[in-house]
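Visitor: Need coordinates for the following:
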Amino acid sequence: MSLRTFLALPLDEVIVERLVEVQQSLASAGARVRWVDRKNLHLTIKFLGDVTDEQSPEVCRVVEKVAAQIEPFEFSVARVVSVPPAGAMRMVWVGVDEPTGRLEKLHELLEESYAEMGFKKENRSFRPHLTLGRVKGRQNVRQLRAAVAEIAESDFGVTSINELIVFSSQLTPDGPVYSPLAKVKLGMG
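Guide: Take a look at the predicted model:
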């Protein structure tokens with residue numbers, strides 16, 4: 001058996017609340033968007049895809065090894081973005097800025113470690129972001145894009161990161177259900 005698996009960083013509840021308010025505000029544009037459920041708002045660091053029961057313990061060991069090498073850090077959450085900026089809109093997301101380089105280093109170490117295990121490396125550069133919603137049609141997209149532009153420069157605050165979570169993802173008709181498989185503290189090495 002296998003589970004869809006990814007690694008993510010949790011967000012402060014205050015920031016989650018602010019992001020939910022933005023989702024509710026943007027929903028009034030009337031576009032067809034599948035908004036990310038508040039309990040699923042997080043920063044994905046690495047999507048592994050299907051992980052077998054046999055691979056799961058090693059996946060968690062890699063997280064422990066890598067997390068030990070990265071001290072806790074903070075990142076700021078700001079800027080609401082239409083993706084792509086022009087053409088058929090696919091997503092609404094919020095930017096993440098982490099000036100110390102620890103977030104980038106965490107991503108690099110995980111990429112390398114999981115590539116050694118045979119997991120596919122990401123073929124595009126790492127652009128940390130928080131997905132708020134996925135656009136599911138063209139209805140009222142112009143209004144949604146205008147609504148995003150009005151709040152584009154929003155600042156949602158700073159979140160402190162001291163753990164990395166391994167999640168499984170089960171796809172359901174009502175959206176994905178994420179379950180933590182392991183929570184590992186940063187900087188314990």
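
Visitor: Output the below-cut-off pLDDT ranges for the protein.
Guide: Where the chain drops to pLDDT under 70, the residues are 189.

Visitor: how about the strands in it?
Guide: Remark: strands assigned in the chain by DSSP state E are 2-9, 33-35, 43-52, 73-83, 91-97, 129-135, 155-161, 163-172, 175-185.

Visitor: could these go into TSV alongside mean neighbour count?
Guide: Every residue, glycine included, has its C-beta placed from N, CA and C. Shown next, in TSV, are the strands of the chain (neighbours: other Cβ atoms under 10 Å):
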stretch	mean neighbour count
strand 2-9	20
strand 33-35	18
strand 43-52	17
strand 73-83	19
strand 91-97	19
strand 129-135	19
strand 155-161	16
strand 163-172	16
strand 175-185	14
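
Visitor: Quick one, which of those gets closest to Ala146.
Guide: strand 73-83 (9.6 Å; Cβ to Cβ).

Visitor: possible to save the strands of the chain as CSV with distance to Leu103?
Guide: What follows is these, written out as CSV (distance: least, Cβ to Cβ, whole Å):
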stretch, distance to Leu103
strand 2-9, 8
strand 33-35, 25
strand 43-52, 8
strand 73-83, 6
strand 91-97, 7
strand 129-135, 12
strand 155-161, 8
strand 163-172, 11
strand 175-185, 16
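
Visitor: Nearest to Arg142 among those would be which one?
Guide: Closest to Arg142 of those, according to Cβ to Cβ: strand 73-83, at 10.7 Å.

Visitor: Name the surrounding residues that touch the closest one.
Guide: Strand 73-83 is contacted from outside by 11, 15, 19, 22, 43, 89-98, 100, 102-103, 128-130, 132, 144-145, 148-149, 151-161, 186, using Cβ atoms under 8 Å, 6 or more residues apart in numbering.

Visitor: Figure out which of the strands of the chain is closest to Glu64.
Guide: Using Cβ to Cβ, the nearest of the strands of the chain to Glu64 is strand 175-185, at 5.3 Å.

Visitor: Can you spell out which helices and strands pack onto the closest one?
Guide: Here strand 175-185 touches helix 56-68, strand 163-172, going by 3 or more Cβ pairs under 8 Å, 6 or more residues apart in numbering; DSSP states H and E.

Visitor: bridging residues for the closest residue to Pro176 other than its chain neighbours?
Guide: What sits nearest to Pro176 in space, not counting adjacent residues and going by Cβ to Cβ, 6 or more residues apart in numbering, is Ser169, at 5.0 Å. In this entry, Ser169 is beta-bridged to Arg4, Tyr178, by DSSP bridges.
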